[in-house]
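this one's sequence-less:
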């Protein structure tokens with residue numbers, strides 16, 4: 001197995017190589033390192049490499065956060081003999097929370113680990129391995145990114161507060177496996193392959209990454225007080241069983257989701273914002289082979 005380390009090349013991610021290089025010196029593998037140059041570069045590199053080395057067995061190790069992982073996955077989908085691993089250097093590392101008891105910072109554990117096939121969500125022309133969301137929370141991320149560009153402190157807190165007041169009433173037409181779920185306005189919707197998103201919120205506690213099904217949750221618009229009362233249940237995934245939340249939400253297992261609106265929709269795909277008035281989301285079964293770190297002995 002040949003390893004290619006796809007390293008997030010942003011200036012603020014220089015610490016990745018400081019952690020990775022000592023581990024590589026003692027690793028019994030053949031490898032190369034590729035540092036990304038900007039948004040979408042990891043996908044372009046991986047896709048071109050796979051196209052020119054289709055028969056080679058390669059493990060692409062995404063060194064960064066969920067965004068870097070997502071870009072690598074987008075490059076690998078459709079090619080055989082390829083695996084994807086993650087060395088987690090993101091701020092939240094939400095995808096890793098789906099796999100407790102594994103060290104996603106240990107190269108040794110990854111090399112000695114095991115494989116796990118995973119579905120992906122195809123969203124228009126992009127792929128998601130974790131969670132797609134829209135509404136209040138995707139707009140909070142969108143505003144947060146804008147505040148970062150402006151150099152504001154606490155950008156995502158600012159974005160969340162702004163979205164609470166501006167984006168609780170969204171006019172989406174959401175159709176799940178042919179059934180329309182939305183009548184009136186929607187506060188937010190999540191379409192999940194794995195369990196966690198955002199600031200480590202357990203949006204889909206019963207998600208399974210290789211079951212050929214996506215977990216869909218739709219929360220209709222509420223008053224600010226009701227929103228506050230519901231929100232405290234989301235951190236640990238208790239909204240799925242809490243009666244107060246369930247009366248205001250819809251939960252479905254699905255293979256196809258169609259989302260449209262007369263105005264522009266800002267969709268959050270594995271943490272990255274994409275905009276359109278129409279999104280079609282399908283489950284692609286067992287599209288990626290993951291190389292997971294070995295389970296710790298104490299577990």
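Arrived safely. Bear in mind that the values here come from a model prediction, so they are computed numbers and not experimental data. Residues are numbered from 1 along each chain as shown.

which residues in the protein form helices?
For the chain, the helices defined by DSSP state H occupy 15-25, 41-52, 66-76, 107-111, 136-149, 155-166, 224-231, 243-246.

which elements pack onto the third one?
Spelled out, that is helix 66-76. Under the contact criterion of 3 or more Cβ pairs under 8 Å, 6 or more residues apart in numbering; DSSP states H and E, helix 66-76 touches strand 2-7, helix 41-52, strand 58-64, strand 82-88, strand 126-128, strand 272-292. No exception for glycine: its C-beta is placed from N, CA and C like everyone else's.

any idea of the angle the longest one forms with helix 66-76?
Angle of strand 272-292 versus helix 66-76, following axes from the mean of the first three to the mean of the last three Cα atoms, to 10 degrees, is 70 degrees.

so what does strand 272-292 touch, helix or strand wise?
Applying 3+ Cβ pairs under 8 Å, 6+ apart, one finds that strand 272-292 makes contact with helix 66-76, strand 82-88, strand 114-123, strand 126-128, helix 136-149, strand 256-269.

okay, these in CSV with mean neighbour count next?
Below are the helices and strands packed on strand 272-292 laid out as CSV (neighbours: other Cβ atoms under 10 Å):
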stretch, mean neighbour count
helix 66-76, 26
strand 82-88, 24
strand 114-123, 18
strand 126-128, 24
helix 136-149, 20
strand 256-269, 18
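
ramachandran coordinates for the closest residue to residue 36 other than its chain neighbours?
Nearest residue to residue 36 in three dimensions, chain neighbours excluded: residue 9, at 4.4 Å (Cβ to Cβ, 6 or more residues apart in numbering). Phi and psi for residue 9, reported as degrees, to the nearest 10, are phi -90, psi 10.

hang on, residue 9 packs against residue 35?
Yes: with contact defined as Cβ atoms under 8 Å, residue 9 reaches residue 35; the gap is 3.9 Å.

output the below-cut-off pLDDT ranges for the stretch 51-200 of the chain.
By pLDDT under 70, the stretch 51-200 of the chain has no low-scoring segment.

re earlier: put together a markdown table for the helices and strands packed on strand 272-292, with distance to residue 180 on each row.
A markdown table is the format used below for those (distance: least, Cβ to Cβ, whole Å):
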| stretch | distance to residue 180 |
| --- | --- |
| helix 66-76 | 29 |
| strand 82-88 | 35 |
| strand 114-123 | 19 |
| strand 126-128 | 23 |
| helix 136-149 | 21 |
| strand 256-269 | 9 |
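
wait, what's in contact with the residue nearest to residue 36?
Contacts were defined as Cβ atoms under 8 Å, 6 or more residues apart in numbering; by that measure residue 9 touches 35, 36, 37, 38, 41.

which of these has the most neighbours?
residue 36 (23 neighbours; other Cβ atoms under 10 Å).

that residue and residue 75, how far apart?
11 Å (Cβ to Cβ, to the nearest Å).

identify the contacts common to the two.
42, 45.

to residue 162, which of the helices and strands packed on helix 66-76 lies closest?
Closest approach to residue 162 among these (Cβ to Cβ): strand 272-292, 14.7 Å.

distance between that closest one and the chain's centre?
Between the centre of strand 272-292 and the centre of its chain there are 9 Å (Cα atoms, centre = their mean, to the nearest Å).

hmm, back to that, so which of the helices and strands packed on strand 272-292 is nearest residue 212?
Short answer: strand 114-123, nearest of those by Cβ to Cβ, at 6.2 Å.

what's near enough to touch residue 235?
By Cβ under 8 Å, 6+ apart, the contact set of residue 235 is 200, 201, 202.

quick one, what contacts the residue lying closest to the first one once chain neighbours are set aside?
Looking back up the chat, that one is residue 200. Nearest residue to residue 200 in three dimensions, chain neighbours excluded: residue 92, at 5.8 Å (Cβ to Cβ, 6+ apart). Residue 92 is in contact with 65, 66, 198, 199, 200, counting by Cβ under 8 Å, 6+ apart.

hmm, which of these are the buried ones?
Buried subset of the contacts of residue 92 (neighbour count, 16 or more other Cβ atoms under 10 Å): 65, 66, 198.

ok, residue 122 touching residue 279?
No: counting by Cβ under 8 Å, residue 122 stays clear of residue 279, with 10.4 Å between them.
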